[in-house]
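Undergrad: Pasting the sequence and the predicted coordinates here, then a few questions.
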Amino acid sequence: MKKRTLFTLLLIALVAVLLASCGGGDEEPSAEQLPAPTEAPATDTPVPPTDTPVPPTDTPVPPTDTPVPPTATPVPPTPEPEPEANTYEEVRVAAEDYLGSGKAPVISADALFENLNDGDEDNDPFILSVRAPDAYAAGHIPGAVNIPWKNIVKPESLEMIPTDQPIVVYCYTGHTGQLSTTALNLLGYDAVNLKYGMMGWNTDPDVLLTAPYDPATGADYPVEVEANEATETYDPPVQAAEDVRSAIDAWINGEDVKQIIPASVVFENLNDGDEDNDPFIISVRGPDDYAKGHVAGAINIPWKTIADPENLAKLPADEPIAVYCYTGHTGQVAATILGSLGYDVSNMKFGMMGWTLDDEVLGQPRFDPANVKGYPVESGEMSAQTGADAVMTAATSYFGGGPKTISQDAVFENLNDGDDENDPYIISVRAPDAYAAGHIPGAVNVSVKELFNPDVLAEIPTDKDIVVACYTGQTAAQATAALNLAGYDASSLLFGMSSWTTDPDVYVKRFNPETNAHPYPATTEAVEWVQEDYDLAQPLAADPAAAAYAYLQNGTKALPSDALFENLNDGDDENDPFIISVRSEGDYTDAGHIEGALWVSPSELFTPDVLNDLPTDRPIAVYCYTGQTAGQVTSALNMLGYDASSVLFGMSGWSDDPAVFVKRFNPEVHAKDYPTEAGS
């Protein structure tokens with residue numbers, strides 16, 4: 001213990017001496033106390049300068065401007081924009097198709113009169129007056145519909161013109177009639193112009209309302225026989241229109257466009273001493289007649305070859321062009337085509353007939369007022385009673401091609417073909433809660449009562465296919481017909497959502513043979529139509545869309561088969577409906593029909609002759625196989641002012657005999673498990 005104490009004391013003393021020699025404590029040592037600096041010996045390896053960069057660590061930090069590496073799924077390259085549609089070429093091809101079809105551009109008054117009076121109304125053409133309404137009211141060919149020529153390719157006008165019937169167009173002297181005829185043919189209609197127009201049909205000046213051609217006062221301007229050749233080639237004009245219809249409309253209604261030019265104006269222009277304002281002149285007559293004599297400076301391009309690319313390359317796009325033929329008709333064909341292609345073109349009125357009195361040069365018989373027969377006309381404004389109502393005409397045109405339906409398979413395939421551009425616009429007309437439970441992906445929900453509200457209708461595309469879906473196809477059928485009459489391209493989904501899915505929470509309701517089919521009798525004894533000759537019903541509105549709104553805003557009309565059966569068997573014949581079967585004629589006669597029902601094809605129902613046999617003071621019941629076609633017919637009849645109802649589920653709801661109903665909804669065949677989306 002003593003040794004350890006002694007050692008401790010010695011250690012404390014040593015520490016004290018060391019502290020004293022170092023100047024311990026808080027005081028800074030004086031200069032005298034600091035040891036003298038000692039020079040550091042040079043080392044073999046010099047100390048690196050301070051600006052030597054710090055060596056990188058094992059895991060270098062990437063510089064801030066290093067790009068982020070691509071993700072595992074690379075962003076696809078932006079697709080190249082599709083080339084713009086070449087409307088000029090569309091018009092040119094349409095013109096070539098028409099000019100090469102072999103169709104005659106004109107029909108004589110004699111031929112038309114004979115057609116209308118041959119006792120066969122089935123071959124009568126659709127007659128179209130393109131004169132002004134006051135001229136139409138003064139007198140028109142019996143049965144003619146009036147659409148002034150300036151409106152001929154307006155969408156609302158085209159809805160009135162049938163696509164499945166020959167059309168005869170007429171005007172005053174043949175020129176605007178030929179323009180309209182050519183425009184319709186470019187759009188795919190089967191149209192022909194009445195030669196010389198009303199001037200060739202009747203001699204009454206109160207009906208003509210314009211000065212007819214008079215050879216006694218005709219001009220006799222000089223001609224040349226030396227041929228002229230086109231020496232330059234030109235680029236085509238810039239075509240700003242979106243489609244063929246718009247291109248035609250742009251020429252017909254363009255500012256400062258002179259579709260027809262008198263021969264006197266051409267002559268004065270060519271002889272005013274200023275060659276810079278002379279038009280480029282084309283004779284579209286045959287080469288032999290061109291050689292007999294032509295307007296000085298004119299080149300020759302026969303009218304049937306006017307749309308040939310080699311001939312079009314001869315025409316300047318920045319100069320006025322004057323076209324002429326024999327009497328004005330084929331010149332107007334050529335001028336309408338060139339005008340629709342974007343050229344500044346006019347047709348010379350009455351052609352060479354208006355230029356010279358030399359019949360040898362003219363090359364064709366001249367118009368002679370003495371040869372005009374004076375065929376009958378009728379007067380008065382256009383009305384529904386003349387069969388000219390827009391709703392009736394639209395119905396005839398649509399049902400002539402057959403009601404439009406589409407299967408669930410076709411819709412599903414379309415939606416899943418990888419091409420979003422061809423997807424239809426899908427409208428669900430079911431109730432909001434049913435729509436929320438499940439609907440076709442992408443479908444919009446619109447009540448059928450509001451579908452034709454102008455504000456709602458304005459949201460529906462006019463340039464896409466439309467598919468309308470409901471529960472079983474009954475309501476959608478009625479909406480589909482109305483849309484087509486209003487100018488849309490719509491189809492009804494066959495059997496509605498009951499064909500799209502097998503989920504009862506989604507389809508909500510569908511045809512059930514146990515509850516919806518009845519054992520009601522059918523007969524094979526045909527019923528003949530009786531020519532009652534009723535007055536036509538008054539359409540709910542002159543415009544198809546307005547008529548559809550007037551009908552559908554109160555809901556669609558459907559009649560359960562048990563209600564119809566009870567009505568027919570209540571002992572009171574006075575309240576029985578007028579019944580129409582629109583099934584095939586073979587199934588009407590062989591498979592059977594409801595007793596008392598008359599058969600008619602939907603394609604013929606909306607003609608004035610058949611509509612005149614429909615009662616306006618009695619309800620009408622329409623039925624088919626499953627309700628799809630009858631629903632469409634019912635809609636159109638109501639728009640026309642008739643009190644019609646579709647028999648729910650058609651013959652498949654009336655009879656449980658497969659030999660009678662022929663076909664009906666079968667969940668094992670027609671129902672699929674295609675996906676739906678939920679939510680409102």
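TA: It's in.

Undergrad: which intervals of the chain have sub-threshold pLDDT?
TA: Applying pLDDT under 70 to the chain flags residues 1-85, 382-389.

Undergrad: Got the domain ranges for it?
TA: 87-373, 390-670 (automatic domain parsing).

Undergrad: Would you format those as a markdown table with mean neighbour count and distance to Ala678 included?
TA: Yep, even glycine has a C-beta here, placed from its N, CA and C like the rest. What follows is the domains of the chain, written out as a markdown table (neighbours: other CB atoms under 10 Å; distance: least, CB to CB, whole Å):
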| stretch | mean neighbour count | distance to Ala678 |
| --- | --- | --- |
| domain 87-373 | 19 | 37 |
| domain 390-670 | 19 | 5 |
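
Undergrad: any chance of those in CSV, with distance to Glu381 too?
TA: Shown next, in CSV, are the domains of the chain (distance: least, CB to CB, whole Å):
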stretch, distance to Glu381
domain 87-373, 5
domain 390-670, 12
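
Undergrad: which SS state does Ala250 fall under?
TA: Secondary structure assignment for Ala250 (DSSP: H, G, I helix; E, B strand; the rest coil): helix.

Undergrad: wait, it sits on Ala240?
TA: Yes. Counting by CB atoms under 8 Å, Ala240 is a contact partner of Ala250 at 7.4 Å.

Undergrad: picking up where we left off before, the domains of the chain: which one's closest to Gly380?
TA: Of all those, it is domain 87-373 that lies closest to Gly380, at 6.0 Å by CB to CB.

Undergrad: and that closest one, how far out from the chain's middle?
TA: Relative to its chain's centre, domain 87-373 lies at 27 Å (CA atoms, centre = their mean, to the nearest Å).

Undergrad: In which helix or strand does Ala476 reside?
TA: Using DSSP states H and E, Ala476 sits within helix 474-485.

Undergrad: Tabulate the CA atom coordinates of that helix in PDB.
TA: The C-alpha coordinates for helix 474-485 follow below in PDB (Å, rounded to 0.1, in the frame of the first residue of the first chain):
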ATOM      1  CA  GLN A 474     -87.600  -2.500 -79.300                       C
ATOM      2  CA  THR A 475     -86.900   1.100 -78.300                       C
ATOM      3  CA  ALA A 476     -83.600   1.300 -80.100                       C
ATOM      4  CA  ALA A 477     -85.400   0.300 -83.300                       C
ATOM      5  CA  GLN A 478     -87.700   3.300 -83.100                       C
ATOM      6  CA  ALA A 479     -84.800   5.700 -82.300                       C
ATOM      7  CA  THR A 480     -82.700   4.200 -85.200                       C
ATOM      8  CA  ALA A 481     -85.400   4.800 -87.800                       C
ATOM      9  CA  ALA A 482     -85.800   8.400 -86.700                       C
ATOM     10  CA  LEU A 483     -82.100   9.000 -86.800                       C
ATOM     11  CA  ASN A 484     -81.800   7.700 -90.300                       C
ATOM     12  CA  LEU A 485     -84.800   9.800 -91.500                       C
END
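
Undergrad: tell me what it is packed against?
TA: Secondary-structure packing of helix 474-485 (3 or more CB pairs under 8 Å, 6 or more residues apart in numbering; DSSP states H and E): helix 390-400, strand 466-469, strand 490-493, helix 544-552, helix 628-639, strand 644-647.

Undergrad: Pull the distance from the fourth one to the chain's centre.
TA: Translated: helix 544-552. Remark: helix 544-552 is offset 19 Å from the chain centroid, using CA atoms, centre = their mean.

Undergrad: Report all helices and strands that that helix contacts.
TA: helix 390-400, helix 454-457, helix 474-485, helix 628-639.

Undergrad: Adding distance to Ile281, write these out as CSV.
TA: Shown next, in CSV, are the helices and strands packed on helix 544-552 (distance: least, CB to CB, whole Å):
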stretch, distance to Ile281
helix 390-400, 40
helix 454-457, 48
helix 474-485, 46
helix 628-639, 51
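
Undergrad: out of those helices, which comes closest to Asn146?
TA: Once the helices and strands packed on helix 544-552 are compared by CB to CB, helix 390-400 is nearest, at 11.3 Å.

Undergrad: After the host helix or strand of Gly586, which helix or strand is next? Please name it.
TA: Assigned by DSSP H and E, Gly586 falls within helix 585-586. Per DSSP H and E, the first helix or strand lying C-terminal to helix 585-586 is strand 598-599.

Undergrad: outside of that following strand, which residues touch it?
TA: Residues outside strand 598-599 that contact it (CB atoms under 8 Å, 6 or more residues apart in numbering) are 526-529, 578-583, 585, 588-589, 593.
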